[in-house]
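Colleague: Got a predicted model here, sequence first, then my questions.
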Amino acid sequence: LKILHSQVAGRLIVHAEELAQMWKVVNLPADLFNSVMNVGRFTEEIEWLKFLALACSALGVTITKTLKILCEVLSCDHNGGSPRIPFSTFQFLYTYIAEVDGEISASHVSRMLNYIEQEVIGPDGIITVNDFTQNPRVRLE
């Protein structure tokens with residue numbers, strides 16, 4: 001998925017045919033592609049981050065593990081530390097995955113995001129995987 005993400009090269013929207021071709025080239029399972037397309041109800045123009053989130057959720061099983069995989073795929077850090085992404089991206093992805101999942105209330109998502117934003121995120125606006133996997137007060141599920 002990291003290779004696929006680098007091929008999308010920062011675009012927000014990807015056309016379905018192009019994405020299907022890239023998916024095939026990196027030799028990912030066709031049934032997974034079809035499943036993600038169905039779950040996301042994607043048509044011709046696909047919001048890349050939403051597609052990526054659903055593809056990662058197929059690997060992650062839980063929301064926390066899915067967000068960990070997403071951070072690893074999206075992180076541009078090469079310094080060997082905990083993968084990190086902008087909090088705004090995390091907020092978008094967590095909200096979307098929880099919505100699609102349907103098991104987590106919007107109020108729980110809101111409480112967790114508020115807590116993370118107020119108590120965890122520094123002035124740089126970055127969240128690391130450790131911020132939501134190692135903090136006992138953060139329960140994303």
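Modeller: Perfect, I can see it now. Residues are numbered from 1 along each chain as shown.
Colleague: Who are the contact partners of residue 19?
Modeller: The contact partners of residue 19, taken as CB atoms under 8 Å, 6 or more residues apart in numbering, are 8, 46, 51. For glycine as for every other residue, the C-beta is placed from the backbone atoms N, C-alpha and C.
Colleague: Out of those, name the ones that lie in strands.
Modeller: residue 46 (DSSP state E).
Colleague: Adding neighbour count, write the contacts of residue 19 out as TSV.
Modeller: Putting the contacts of residue 19 into TSV (neighbours: other CB atoms under 10 Å) gives the following:
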residue	neighbour count
8	18
46	22
51	22
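Colleague: mind putting the contacts of residue 19 in a markdown table, pLDDT and distance to residue 121 included?
Modeller: Putting these into a markdown table (pLDDT from 0 to 100; distance: CB to CB, whole Å) gives the following:
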| residue | pLDDT | distance to residue 121 |
| --- | --- | --- |
| 8 | 92 | 26 |
| 46 | 97 | 29 |
| 51 | 97 | 26 |
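Colleague: Please identify which of the contacts of residue 19 is nearest to residue 23.
Modeller: Taking CB to CB as the measure, residue 23 sits nearest to residue 51 out of the contacts of residue 19, at 9.8 Å.
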